[in-house]
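Novice: here is my input, please return the structure:
(2 chains)
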Amino acid sequence: MSRTDWNEHAWRLIHDAPQPPALHMAIDEVLTDEVAARRRPPTLRVWEWSSSCVVIGRFQSLRNEIDPDGASRHGIEVVRRISGGGAMFIEPGNTITYSLYAPDTLVAGMGFQESYEFMDRWVIDALHGLGIDAWYQPLNDITSPSGKIAGAAQTRRGGAVLHHVTMAYDIDTTKMLEVLRIGREKLSDKVTQSAAKRVDPLRSQTGLPRPEIINRMIETFRSAHGLARHRLLPHERERAVALAATKFASAAWTGIVP
Amino acid sequence: MHGEYKMPGGKLVVADLEVSNGNLSRVRISGDFFLEPDTALTLIDVALSGLPATADGEELAAAVRAMLGPHVGMYGVSPESIAVAVQRALEAPP
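Specialist: Predicted coordinates:
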């Protein structure tokens, strides 16, 4: 499989109105499969959330990660995504989340670590443009001198790679810690002594409104790789709505690793 | 029984299991690692279930390695780190 360059692809941008969590999970699966089947050009999707949730990774234990009382007290829905990695605590307006759906030729021959770094190089550039001294921190973080900014996850399906990232814009750490169980073993990592100190969000680092940061990121991508406005096509939305109901909102999927 | 292990330079690996008649049973490995394809998680649980609770780290890791074969992608997790999580679960007070 020979490698393709970013600029050999006609990148599309989808930035839709806020959607519920299970539908976001489903759109990721559908668009990855559409790109794998070469029915859709490679796409950057910027997410807007219509409600709060925790998104757990494909291999995380629901019981070990979530405090059910905390989640219900704060009205937090729990959904599971198709990629691995850790739990993300989402409140509308508090994160910047995006997905890249690309043919796997873009990362052909790359190991995991190289492909994570490669897929987010444009974001590092965008953050530098915002005055943040950010870098890719293996295995799957974007970080800065004052703390972690973002976590990435990737999965390869068929002939496509899905790379998605959640960046902290603002975060209610107290609420997060009431909903997520963050074990002592995880915090034993030297750089993560305190959960509250682990994340330093973009709001405090830039002083910019969230839409402004998103615009700057989109412009960075556009000038590096080209990007044309697009939307979720009717058959894609139809499949995603069905998949959200049958899979991503189901207890069977969310509890697949109990 | 429950054991956790943060793989150095990797991710958190968690083992939940029971011991029945001296053998591992109901083994469930989880964590914030990455596996390709995702169905490999079930294979890991199957590989470990039924092994004697006295198995050492190398035996546990070998069982996982043999079950997964060379084509499963592991990022932030390894047969050895899974073995440590299992051993910690076995050492955990009831």
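
Novice: okay, CA-based contacts and neighbour counts for the rest of this
Specialist: Will do.

Novice: for stretch B:18-25, list the C-alpha coordinates in CSV.
Specialist: What follows is stretch B:18-25, C-alpha atoms only, in CSV (Å, rounded to 0.1, in the frame of the first residue of the first chain):
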residue,chain,number,x,y,z
GLU,B,18,-12.6,-15.0,40.0
VAL,B,19,-10.8,-18.2,40.9
SER,B,20,-12.8,-21.4,40.8
ASN,B,21,-11.4,-24.8,41.6
GLY,B,22,-7.9,-23.3,41.4
ASN,B,23,-8.4,-21.9,37.9
LEU,B,24,-9.0,-18.3,36.7
SER,B,25,-12.6,-17.8,35.7
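
Novice: quick one: buried residues of stretch A:9-27?
Specialist: Across stretch A:9-27, burial judged by 16 or more other Cα atoms under 10 Å in any protein chain shown covers A:His9, A:Trp11, A:Arg12, A:Leu13, A:Ile14, A:Pro21, A:Ala22, A:Leu23, A:His24, A:Met25, A:Ala26, A:Ile27.

Novice: show me how far stretch A:247-258 is from its chain's centre.
Specialist: Its chain's C-alpha centre and that of stretch A:247-258 lie 19 Å apart, by Cα atoms, centre = their mean, to the nearest Å.

Novice: stretch A:17-25 now?
Specialist: 12 Å.

Novice: what does stretch B:74-90 give?
Specialist: Distance of stretch B:74-90 from the chain centroid (Cα atoms, centre = their mean) equals 5 Å.

Novice: check whether it contacts chain A.
Specialist: Yes: counting by Cα under 8 Å from any Cα of the partner chain, chain A is contacted by stretch B:74-90 at B:Tyr75, B:Gly76.

Novice: what about that stretch, average pLDDT?
Specialist: Averaged across stretch B:74-90, the pLDDT comes to 98.

Novice: with respect to B:Ser81, which of the buried residues of stretch A:9-27 is nearest?
Specialist: A:Met25 (29.2 Å; Cα to Cα).

Novice: what helix or strand does the closest one sit in?
Specialist: Per DSSP states H and E: A:Met25 is located in helix A:21-36.

Novice: rounded mean pLDDT for the following helix or strand past that helix, please.
Specialist: The helix or strand immediately downstream of helix A:21-36 is strand A:43-47, counting by DSSP H and E. Per-residue pLDDT over strand A:43-47 has a mean of 98.

Novice: got the CA coordinates for strand A:43-47 in PDB?
Specialist: The C-alpha coordinates for strand A:43-47 follow below in PDB (Å, rounded to 0.1, in the frame of the first residue of the first chain):
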ATOM      1  CA  THR A  43     -13.500  14.600   6.100                       C
ATOM      2  CA  LEU A  44     -12.800  16.800   9.100                       C
ATOM      3  CA  ARG A  45     -15.800  16.900  11.400                       C
ATOM      4  CA  VAL A  46     -16.100  19.400  14.200                       C
ATOM      5  CA  TRP A  47     -18.500  18.300  16.900                       C
END
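
Novice: now the next helix or strand after that strand, how far from the centre of its chain.
Specialist: Remark: after strand A:43-47, the chain's next helix or strand is strand A:53-56, criterion DSSP H and E. Taking Cα atoms, centre = their mean, the mean C-alpha location of strand A:53-56 is offset from the chain mean by 11 Å.

Novice: show me which residues of chain B sit near chain A.
Specialist: For chain B, the contact set with chain A under Cα under 8 Å from any Cα comprises B:4-6, B:9-10, B:12, B:28, B:30-38, B:41, B:75-76.

Novice: out of these, which end up buried?
Specialist: Buried residues within the residues of chain B next to chain A, counting neighbours by 16+ other Cα under 10 Å: B:4-6, B:10, B:12, B:28, B:30-36, B:38, B:41, B:75-76.

Novice: returning to that earlier point: okay, and which of the residues of chain B next to chain A map to helices?
Specialist: Per DSSP state H, helices hold the following members of the residues of chain B next to chain A: B:Leu41.

Novice: keep only those of the residues of chain B next to chain A that are in strands.
Specialist: Members of those lying in strands (criterion: DSSP state E): B:Glu4, B:Tyr5, B:Lys6, B:Leu12, B:Arg28, B:Ser30, B:Gly31, B:Phe34, B:Leu35, B:Glu36, B:Tyr75.

Novice: where exactly do the strands run in the stretch 101-250 of chain A?
Specialist: A:135-137, A:141-144, A:147-157, A:160-168, A:228-229 (DSSP state E, counting those that start in this stretch).
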